[in-house]
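>>> next one to model:
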Amino acid sequence: MVAQQRFLLDASALLASSLEYEQTFEQLAQRLVPGMADWCAVHILEPDETVRRLTMVHVDPAKTELARQRPDRYSLQPGGQHIVPQVLRTKQAEFYPTVRDELLAQT
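From the prediction side, this is the model:
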């Protein structure tokens, strides 16, 4: 619990420190991995309804680099049935403490 509280304090300070949201979310994702997650991706819904990935960080730096080199491979369509478009469409958060193989295959 102490690690989570420390992360929340750090994240709160980070979020309050800058109006540059892209840089802020990049730093937040980097702090989240590997302490609390194996990977973190942050997407936003643009005014034209396209989904744009702000950042993707993986515990394995080689996988992070691969995702950054091939953004088209991980692009999302707003009408898609994957997790991110569904969350953006419904505006309801989803939490997956354990990601099963079938969910990874679907995504």
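>>> who does the helix or strand hosting residue 16 touch, helix- and strand-wise?
For residue 16, the element it lies in under DSSP states H and E is helix 2-17. Counting contacts by 3 or more Cβ pairs under 8 Å, 6 or more residues apart in numbering; DSSP states H and E, helix 2-17 packs against helix 21-32. The C-beta positions use only the backbone N, C-alpha and C, and glycine is treated the same way.
>>> who's in contact with the most centrally placed residue in the chain?
Centrality entry for the chain: nearest residue to the mean C-alpha point is residue 41, 2.0 Å, by Cα atoms, centre = their mean. Applying Cβ atoms under 8 Å, 6 or more residues apart in numbering to residue 41 gives the contacts 29, 53, 55, 56, 57, 74, 84.
>>> could you pull out the strands in this structure for me?
Assigned by DSSP state E, the strands in the chain fall at 39-45, 51-58.
>>> closest to residue 68 out of the ones you listed?
strand 51-58 (7.1 Å; Cβ to Cβ).
>>> the closest one to strand 39-45, inter-axis angle?
170 degrees (axes from the mean of the first three to the mean of the last three Cα atoms, to 10 degrees).
>>> convert the C-alpha atoms of strand 51-58 to CSV, please.
Taking C-alpha atoms only, strand 51-58 is exported to CSV below (Å, rounded to 0.1, in the frame of the first residue of the first chain):
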residue,chain,number,x,y,z
VAL,A,51,-7.8,7.9,-31.8
ARG,A,52,-4.2,9.0,-31.2
ARG,A,53,-1.7,7.2,-29.0
LEU,A,54,0.3,9.7,-26.9
THR,A,55,2.6,7.1,-25.5
MET,A,56,3.3,3.4,-25.0
VAL,A,57,5.8,2.1,-22.5
HIS,A,58,6.6,-1.5,-21.9
